[in-house]
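[1] Have a look at this fold, sequence not included:
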């Protein structure tokens, strides 16, 4: 566990770990076994619940916020998992997230940057969110998610997708108010 925490906290590669840590194959096998048995996801869910309770909230969130961000990918990233986001002019990947109102992550998906936010990535992400977190019934999103997605969420997922629109006088990144 120390090896894995060290790698994650420092954002370093396996080859850059200290020499006194176990071999890469052994540490990775340890991590893979725990991931395959759902222990890492369970640990993350319990930790999120504990943080929410310390903030005076119930452990399981009922509201989410979704958005996507394009991130430039290194040349070592396989071409099959990266693309070009024409709107933002970024070659790489796109991370699609749902956070609760505290900013904690109940669901994440990573796609190629040329994947459509609304019709492909968000639909799958919200379906996964609904399967994993049945208590979440309302998700806020920005204007990039307008269209038929809200109706599909309502009809197929029993989930309310509420679009929060920007006003014309806003420039750059602005936290949008919920109404």
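    Looks like it came in fine. Here the structure is a predicted model, which is why all the values come from computation and not from measurement.
[2] Helix, strand or coil: sort out the residue most central in space within the chain for me.
    Per CA atoms, centre = their mean, the C-alpha nearest to the average position across the chain is that of residue 108, at 2.3 Å. Per DSSP: H, G, I helix; E, B strand; the rest coil, the local secondary structure of residue 108 is strand.
[3] and the residue nearest to it when sequence neighbours are not counted, what pLDDT?
    Nearest residue to residue 108, sequence neighbours excluded (CB to CB, 6 or more residues apart in numbering): residue 97, at 5.2 Å. C-beta coordinates here come from the backbone N, C-alpha and C atoms, glycine included. Looking at residue 97, its pLDDT is 94.
[4] Could you number the chain from 421 rather than 1 from now on?
    All right, first residue 421 from here; so that's residue 517.
[5] who does the lengthiest helix in the chain touch, helix- and strand-wise?
    In the chain, assigned by DSSP state H, the helix with the most residues is helix 459-474. Judged by 3 or more CB pairs under 8 Å, 6 or more residues apart in numbering; DSSP states H and E, the packing partners of helix 459-474 are helix 444-456.
[6] What is the helix it packs on packed up against?
    Against helix 444-456 (3+ CB pairs under 8 Å, 6+ apart) you get helix 422-430, helix 459-474.
[7] now for stretch 485-500, what's the gap between its first and last residues?
    When the termini of stretch 485-500 are compared using CA to CA, to the nearest Å, they are 28 Å apart.
[8] Name the residues of that stretch that come out as buried.
    Within stretch 485-500, the residues that qualify as buried are 485-488, 490, 493, counting by 16 or more other CB atoms under 10 Å.
[9] Same check on stretch 518-527?
    Neighbour counts over stretch 518-527 (16+ other CB under 10 Å) mark 518-520, 524, 526-527 as buried.
[10] hmm, who's touching it?
    468, 471-472, 475, 477, 481, 483-486, 517, 528, 545-546, 548-549, 552-553, 556, 559 (CB atoms under 8 Å, 6 or more residues apart in numbering).
[11] Please spell out the PyMOL selection for the buried subset of those residues.
    Applied in PyMOL, the following selects the buried portion of the contacts of stretch 518-527 according to 16+ other CB under 10 Å:
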select buried, resi 468+472+477+481+483+484+485+486+517+545+546+549+553+556+559
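[12] For stretch 482-493, what is the distance to the chain centroid?
    Computed by CA atoms, centre = their mean, to the nearest Å, the chain-centroid distance of stretch 482-493 equals 6 Å.
[13] Revised request: answer the last question for stretch 566-581.
    Per CA atoms, centre = their mean, the centroid offset for stretch 566-581 relative to its chain is 19 Å.
[14] again, but for stretch 494-511
    Taking mean C-alpha positions (CA atoms, centre = their mean), stretch 494-511 and its chain are 18 Å apart.
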